[in-house]
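Colleague: 3D, please:
(chains A and B)
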Protein chains: 2
Amino acid sequence: MIRREDGAGGKYMSEFLKKRIFSRIDSSAGEIALSDMEDSADFDNAYVLTTDSYTAYPPVFRGGSIGSLAICGTANDLAVVGAEPAFMSLAFIIQEGFEDSVFERIMDDIAYWVEKIGVRIITGDTKVVEMNAGIFVNTSGIGMRNEHLERNLEAIKEHRDYPFRWVRDSGLRAGDEIIVSGTIGEHGLTMLLEREDLGFEIDIKSDVQPVWFAVRDALDVGGIVAMKDPTRGGLAETLNEMAEKSGVGIKIDEERVPVRDDVAGVCEALGLDPLTLANEGKVVLGVVNELAEDVLKALRMHDKNAEIIGYATDEFKEVVVETRIGTTKILPPPVMDPIPRVC
Amino acid sequence: MIRREDGAGGKYMSEFLKKRIFSRIDSSAGEIALSDMEDSADFDNAYVLTTDSYTAYPPVFRGGSIGSLAICGTANDLAVVGAEPAFMSLAFIIQEGFEDSVFERIMDDIAYWVEKIGVRIITGDTKVVEMNAGIFVNTSGIGMRNEHLERNLEAIKEHRDYPFRWVRDSGLRAGDEIIVSGTIGEHGLTMLLEREDLGFEIDIKSDVQPVWFAVRDALDVGGIVAMKDPTRGGLAETLNEMAEKSGVGIKIDEERVPVRDDVAGVCEALGLDPLTLANEGKVVLGVVNELAEDVLKALRMHDKNAEIIGYATDEFKEVVVETRIGTTKILPPPVMDPIPRVC
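Modeller: All right, here's what the predicted structure looks like:
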């Protein structure tokens, strides 16, 4: 039986994909293979392709909708390999009887973000089916090579070899700094609070937004050797993937991880770790040590909460967190979403 | 409320798309716009992009599975604009508790057709959700310009102007011949009989297969000015779309439409018109009169049942069928699937 954890990001999903999928159909059209499990894969030197099916529930929530996720999320998967979002497909599977007004709101969000990002939706598909799951949206995206990415690769080469033509999950080396582009946990917590009235008075909304504009300016500074958007499984999943693929350890200073006080408070009350909550408008960057402060400055022009939260190291292979009280603990990859259907 | 017919191909779906979607996000990256509702849309002169979410029920059926549909169907949407299937994304939404053995069978079919077509799956996504709908598969495909398409465009120009760089739905003119690449109705009827035991003893299976190899050889002959795969809504939907977009009428000789005798018999008993049943391995071509016989010969090397079934005309704007008994009738576009979740 297919289990929830087989599709939840994290360790079990990775095992599922290896056993069931990559064993049969692994391939590539450039330097990034399907089994590399990167956010996008390149073709024809000039382009990358990504796909994502959005199953978020509820489909409309504070700060956005499944429509915002479908456009921003896919644009973000392009941005984190250093590609400029260019073209998208848009495919709906809608439950028969779905509310018109909810669909209209989803389409409004799609139109808003398409315009804002400057991406073009050139092809689509619509299916209406009997089911009990509301609406699913798939977007596939095509991103382009661009001058910002080229500048980044040039800048890296002044400091060390970088064997890739795109920004890869596996690009970290000991000494690289780890930066997060803003506060974390808001999307995941919003989705949880949308589903159940847990009695918290907290003014919170999803952080869903495109990261391309901040990424573009960071690439112009240069030195970015690894990048991911911390969605399902949050920072814990993202950092573990980067560490494992790069063959390094990562040391994080918990005190420097930007979390809003009220978010931290609700998480503590609920027994949730903000490091495992999904984000939909943030990016984690690995940057060569010499350029990290300049990249941070560029990111802070977009979000003052951007922060250097740790560094890559050869001393161990795990993600290790130094806590506020001075102890250290291993931050494991989440085995599954703490909150399902979060994106 | 979203209605079944809003996502069923045909007239209501077209109205739904215009009102709800194209009013907000229409765009293009080349000559084919989203609102052209073609099977694929071009970008960068060299490529086309298509997307399709497959919701077929049951997910495994005689002759194939939702996996076969996801690979062949998307490859076929590329082929009918004259593009060579090159790269694909693959995204699953799977019901929690879905049977392993069914998933394995779907993956086997995916691997089989990926190999056969020579397409590369370079990126993917997997979500597992609570729902009552089994499995959905989205594939987006990228197709390439190729020498066969160029030869086709050259050959057309010896006979008339053709203002397009890809093979378009809207390319028909009065006098063009209409060809179908083999017998019709088998996929739709198979799906119906898989769902209910209606007591028919018929040895039938889905025709799901890639059309690219036959299309490639037809393009080498040249003169193909319009092309579509007659999936949802069957030949009736496809011919009406071609006629409307091209601003011509189409006259079809019912006697020449290839339908297996047993398929015709079951359809008659059930009150179904084979012209409205879905196909997943056939193509309808509009060909300049002078080259139609040669294109037919090339297609018959792949399927001896390929046939010239009619022609485009300026005398009327509808699709008109001359029946076996010598009367004529208008063949309207189906308002919705006779059989839902057929692909």
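Colleague: need the three-state assignment for the closest residue to A:L90 other than its chain neighbours.
Modeller: Distances taken as CB to CB, 6 or more residues apart in numbering or on different chains place A:G124 nearest to A:L90, at 4.3 Å, with adjacent residues excluded. All C-beta spots, glycine's among them, are computed from the backbone N, C-alpha and C. Secondary structure assignment for A:G124 (DSSP: H, G, I helix; E, B strand; the rest coil): strand.
Colleague: thought A:G124 was touching A:F87?
Modeller: No: counting by CB atoms under 8 Å, A:G124 does not reach A:F87; the two are 11.8 Å apart.
Colleague: what pLDDT does the residue nearest to A:L90 get?
Modeller: What the model reports as pLDDT for A:G124 is 97.
Colleague: for chain B, see how far away the residue nearest to the spatial centre of chain A is.
Modeller: In chain A, the residue lying closest to the centroid (CA atoms, centre = their mean) is A:D229, at 2.2 Å. Distance, A:D229 to chain B, by CB to the nearest CB, to the nearest Å: 14 Å.
Colleague: try A:R173
Modeller: 26 Å.
Colleague: next, the contact list for A:N132, please.
Modeller: Residues near A:N132 by CB atoms under 8 Å, 6 or more residues apart in numbering or on different chains: A:95, B:131-133.
Colleague: let's go with 6 Å and repeat that
Modeller: B:131-132 (CB atoms under 6 Å, 6 or more residues apart in numbering or on different chains).
Colleague: next, it: secondary structure please.
Modeller: coil.
Colleague: how many residues are close by the nearest residue to A:G97 once chain neighbours are set aside?
Modeller: For A:G97, ignoring the flanking residues on the chain, the nearest one in space by CB to CB, 6+ apart is B:M1 at 5.0 Å. If you count neighbours by other CB atoms under 10 Å in any protein chain shown, B:M1 ends up with 11.
Colleague: so B:M1 is in contact with A:E96, correct?
Modeller: No: if you go by CB atoms under 6 Å, B:M1 and A:E96 don't touch, sitting 8.1 Å apart.
Colleague: at which residues are the strands of the stretch 151-300 of chain A located?
Modeller: All strands of the stretch 151-300 of chain A, identified by DSSP state E, counting those that start in this stretch, fall at A:177-180, A:224-228, A:249-253, A:284-287.
Colleague: how is chain A divided into domains?
Modeller: Domain assignment of chain A by automatic domain parsing yields the ranges A:4-144, A:147-330.
Colleague: could you dump these to JSON lines with distance to B:Q209?
Modeller: What follows is the domains of chain A, written out as JSON lines (distance: least, CB to CB, whole Å):
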{"stretch": "domain A:4-144", "distance to B:Q209": "18"}
{"stretch": "domain A:147-330", "distance to B:Q209": "35"}
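Colleague: for the ones you listed, which one ends up most surrounded?
Modeller: Sort those by mean neighbour count, taking mean count of other CB atoms under 10 Å in any protein chain shown, and domain A:4-144 sits at the top with a mean of 22.
Colleague: that one spans what distance, first to last residue?
Modeller: End-to-end span of domain A:4-144 (CA to CA, to the nearest Å): 34 Å.
Colleague: what of stretch A:130-137?
Modeller: Stretch A:130-137: ends 16 Å apart by CA to CA.
Colleague: with stretch A:200-212 instead?
Modeller: Using CA to CA, the two ends of stretch A:200-212 sit 33 Å apart.
Colleague: got the contact list for it?
Modeller: By CB under 6 Å, 6+ apart, stretch A:200-212 touches A:61-64, A:68-69, A:72, A:75-76, A:79, A:85, A:117, A:186-187, A:190, A:262, A:266, A:279-281, A:283.
Colleague: same question, stretch A:49-60
Modeller: Residues contacting stretch A:49-60 (CB under 6 Å, 6+ apart): A:39-41, A:65-66, A:69-70, A:73-74, A:77-78, A:102, A:105, A:134-138, A:140-142, A:194, A:341, A:343, B:89, B:91, B:93, B:123, B:125, B:127, B:129, B:140.
Colleague: take those and keep only those in helices.
Modeller: A:66, A:69-70, A:73-74, A:77-78, A:102, A:105, A:194 (DSSP state H).
Colleague: then the host helix or strand of A:E15 to CSV, C-alphas only?
Modeller: Using DSSP states H and E, A:E15 sits within helix A:10-16. Output in CSV follows, covering the C-alpha atoms of helix A:10-16 (Å, rounded to 0.1, in the frame of the first residue of the first chain):
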residue,chain,number,x,y,z
GLY,A,10,11.9,13.3,3.6
LYS,A,11,13.6,9.9,4.1
TYR,A,12,10.7,7.5,3.3
MET,A,13,9.8,9.4,0.2
SER,A,14,13.4,9.3,-1.0
GLU,A,15,13.4,5.5,-0.5
PHE,A,16,10.1,5.2,-2.3
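Colleague: just checking, what packs against that helix?
Modeller: Helices and strands touching helix A:10-16, as assessed by 3 or more CB pairs under 6 Å, 6 or more residues apart in numbering or on different chains; DSSP states H and E, are absent.
Colleague: mind listing what the residue of the stretch 151-300 of chain A found nearest chain B touches?
Modeller: Chain B sits closest to A:R232 of the stretch 151-300 of chain A, with a gap of 9.3 Å, by CB to the nearest CB. A:R232 makes contact with A:9, A:278, A:337, according to CB under 6 Å, 6+ apart.
Colleague: which parts of chain A are helices?
Modeller: Applying DSSP H to chain A gives helices spanning A:10-16, A:23-25, A:66-79, A:100-117, A:147-157, A:186-195, A:212-221, A:234-246, A:261-270, A:292-300.
Colleague: report the angle between the longest strand anywhere in chain A and helix A:100-117.
Modeller: Longest strand in chain A, counting residues (DSSP state E): strand A:84-95. If you take axes from the mean of the first three to the mean of the last three CA atoms, to 10 degrees, strand A:84-95 sits at 170 degrees to helix A:100-117.
Colleague: against which helices or strands is strand A:84-95 packed?
Modeller: Using 3+ CB pairs under 6 Å, 6+ apart, strand A:84-95 is in contact with strand A:120-129, strand A:135-144, strand B:47-54, strand B:135-144.
Colleague: mind redoing it with 8 Å?
Modeller: helix A:66-79, helix A:100-117, strand A:120-129, strand A:135-144, helix A:212-221, strand B:47-54, strand B:135-144 (3 or more CB pairs under 8 Å, 6 or more residues apart in numbering or on different chains; DSSP states H and E).
Colleague: reformat these as JSON lines; add distance to A:R165.
Modeller: Formatted as JSON lines, those follow (distance: least, CB to CB, whole Å):
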{"stretch": "helix A:66-79", "distance to A:R165": "15"}
{"stretch": "helix A:100-117", "distance to A:R165": "23"}
{"stretch": "strand A:120-129", "distance to A:R165": "24"}
{"stretch": "strand A:135-144", "distance to A:R165": "13"}
{"stretch": "helix A:212-221", "distance to A:R165": "14"}
{"stretch": "strand B:47-54", "distance to A:R165": "19"}
{"stretch": "strand B:135-144", "distance to A:R165": "19"}
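Colleague: mean pLDDT and distance to B:S23 added to the helices of chain A, as a markdown table?
Modeller: Below are the helices of chain A laid out as a markdown table (pLDDT from 0 to 100; distance: least, CB to CB, whole Å):
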| stretch | mean pLDDT | distance to B:S23 |
| --- | --- | --- |
| helix A:10-16 | 86 | 38 |
| helix A:23-25 | 94 | 38 |
| helix A:66-79 | 98 | 15 |
| helix A:100-117 | 98 | 9 |
| helix A:147-157 | 98 | 33 |
| helix A:186-195 | 96 | 28 |
| helix A:212-221 | 98 | 26 |
| helix A:234-246 | 97 | 37 |
| helix A:261-270 | 96 | 38 |
| helix A:292-300 | 98 | 37 |
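Colleague: B:E318: which of those is closest?
Modeller: helix A:100-117 (32.0 Å; CB to CB).
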